[in-house]
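J.: have a look at this fold, sequence not included:
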């Protein structure tokens, strides 16, 4: 039987540090934000590795973020269809990358950073895992100043792991 280690101990072991002795304490789930981007797929892959190493369950969070209307000529139903397609893509990614890992998918609505932090806090997460975001103008318009990852690093109630 493989000994379950704490998240901190497992991370130290992965990075070449000395892992502390197993405290025997149960740890919370790993929360990962997934939006279908290449960066979030990398975060999902890293989460799988950590989950298998630690025996943690995973909570995948997809935040439905309704962008502001950029043009009155764009039908409102296109936004709904795009969100449904993104949600389907996220479910397919989870099915592909988290086979054999106890997983829960949370579909939230609202500000992306706020919802990720809320789920992490409410679930008693051991860590929040995110892909490195690049920020850009469109992201700035949709989410406000700064990146979701940058905001989480500063404000998350749990440790944040940023995957490059």
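T.: The structure has been received and is ready for your questions. Quantities reported herein were computed from a predicted structural model and do not represent experimental measurements.
J.: show me the contacts for residue 129.
T.: Residues counted as contacts of residue 129 (CB atoms under 8 Å, 6 or more residues apart in numbering) are 30-33, 43, 46-47, 50, 160-161, 163. To be clear about C-beta, it is placed using only N, CA and C from the backbone, and glycine gets the same treatment.
J.: in those, find the pair that's most separated.
T.: Largest separation among the contacts of residue 129 by CB to CB: 33 and 50, giving 14.4 Å.
J.: which one among the contacts of residue 129 gets closest to residue 56?
T.: Nearest to residue 56 among these: residue 30, at 4.9 Å, using CB to CB.
J.: would you mark the buried spots in the helix or strand in which residue 113 is found?
T.: Using DSSP states H and E, residue 113 sits within helix 112-123. For helix 112-123, the buried set under the neighbour-count rule, 16 or more other CB atoms under 10 Å, comprises 112-120, 123.
J.: show me where the chain dips below the pLDDT cut-off.
T.: The model of the chain has pLDDT under 70 over residues 1-26, 66-82, 133-146.
J.: can you list the buried residues in whichever strand or helix holds residue 40?
T.: If you go by DSSP H and E, residue 40 is part of helix 38-54. For helix 38-54, the neighbour count (16+ other CB under 10 Å) marks 39-44, 46-48, 50-51, 53-54 as buried.
J.: many thanks, have a good one.
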